[in-house]
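Q: Below are the sequence and a predicted model for it; my questions follow.
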Amino acid sequence: MANLSFSPETTVIIAVLSYSFCSGSLVLVNKLILHHLPYPSLVITFQLWSTLLFIQIAEAFHFIEVDPIRWKVVKPYLAYTVAFSLGVYCNMKSLSLSNVETVIVFRALAPLFVSVLDAIFLGREWPSARSWGALGLIALGAYGYALTDEQFQTQGMMAYMWPTLYLLIISFEMAYGKKIITGVDLHTKSGPVLYTNMLGWPPMLGFAAMGGEYGRLYEHMMRNAHDASEEDGSGRPMLPPVGLALLALGCIVGTGIGYTGWWCRSKVSAASYTLIGVMNKCMTVLVNLLIWDQHAPPEGLVSLGLCIVGGVLYKQAPMKNQKDPEIELEPLVKKGSGVQG
């Protein structure tokens, strides 16, 4: 991709579309993986390891260039990785305990929080009246969804503990991620992916230990082995083949989102990147309705639609030293990005 000649506008479109495809696909694939392998932290660990393995192999065969590991880069990425790891874990816990739409609606609230962080920490103006109205529409849609969600009616706010934590953490992650992508001196697309995955897997193993995933995985494997020996001794696999196949697919998509996510973030602003993440979930909802039986009622989907409409109406606030308040697709192309081909 880096050796092809594209106009800046085309590059932005390709980055957005590729990230959207990987993001929407990974939500569905992870939901299916957890149905067969209910070990969210271990699943994420294998996905992070697979990305690191891809980077090492691709670099060894000179398919890609990778930034060297430097301590001055590790320090800022370490703070991001803590937020990234917590966000991934909360996302996986949310998917394992609720439906996909719940995660999407809480994700749709993130632009509101990121806009506040943009104004306070990243030098942007406060959102315009139109943008506040759009953010309010997103919040209204989220509230309408909560009123139709059976889990909210039966469990109350406990049903939303993990999605709420996910919302708060990902809002910080979006703002801080933009801060380091423009302020840390990395020169390849593999650089941010390498640091994020290299620093991200140890916390995941810790989360797995806290969640008792090692013990549950061992019991599951031993139970399958015992059942197979009692039945016919044919050696039934200790882990479901469908689950392992989905895990392999999730590793591929996870590698894709590692690259496309940082690439897209380098081309657009923090708030725009957050909104892209919300908008691309439309495909996720439609596909989810076709392949999964744990989805929201029609009234909930209408409320989700309000969130999406609000995202479309939102206009990004300009920088405080920028006179033109209308920031559309063309200005999203950052000049002098720290990530190069």
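A: Received, thanks.

Q: what helices or strands is whichever helix in the chain runs longest leaning on?
A: Determined from DSSP state H, the single longest helix within the chain is helix 8-36. Applying 3 or more C-beta pairs under 8 Å, 6 or more residues apart in numbering; DSSP states H and E, one finds that helix 8-36 contacts helix 40-60, helix 71-97, helix 100-108, helix 241-267, helix 270-279, helix 281-291. Any C-beta I mention is one placed from the backbone N, CA and C, and that applies to glycine too.

Q: any idea which helix or strand comes after the third one?
A: Meaning helix 100-108. For helix 100-108, the following helix or strand on the C-terminal side (DSSP states H and E) is helix 110-121.

Q: May I have that next one as CSV, with CA atoms only?
A: Coordinates of each C-alpha in helix 110-121 appear next as CSV, following Å, rounded to 0.1, in the frame of the first residue of the first chain:
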residue,chain,number,x,y,z
ALA,A,110,-17.5,8.2,23.3
PRO,A,111,-17.5,11.3,20.9
LEU,A,112,-19.2,13.3,23.6
PHE,A,113,-16.4,12.5,26.1
VAL,A,114,-13.6,12.9,23.5
SER,A,115,-15.0,16.3,22.4
VAL,A,116,-14.6,17.5,26.0
LEU,A,117,-11.1,16.1,26.2
ASP,A,118,-10.3,17.7,22.9
ALA,A,119,-11.3,21.1,24.3
ILE,A,120,-9.5,20.7,27.6
PHE,A,121,-6.3,18.9,26.6
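
Q: Quick one: work out the angle between it and helix 270-279.
A: With axes from the mean of the first three to the mean of the last three C-alpha atoms, to 10 degrees defining the directions, helix 110-121 sits at 170 degrees from helix 270-279.

Q: contacts for helix 110-121?
A: 124-127, 131, 135, 138-139, 167-168, 170-172, 174-175, 179, 269-271, 274-275, 277-278, 311, 314, 317 (C-beta atoms under 8 Å, 6 or more residues apart in numbering).

Q: Among those, name the ones in helices.
A: 131, 135, 138-139, 167-168, 170-172, 174-175, 179, 270-271, 274-275, 277-278, 311.
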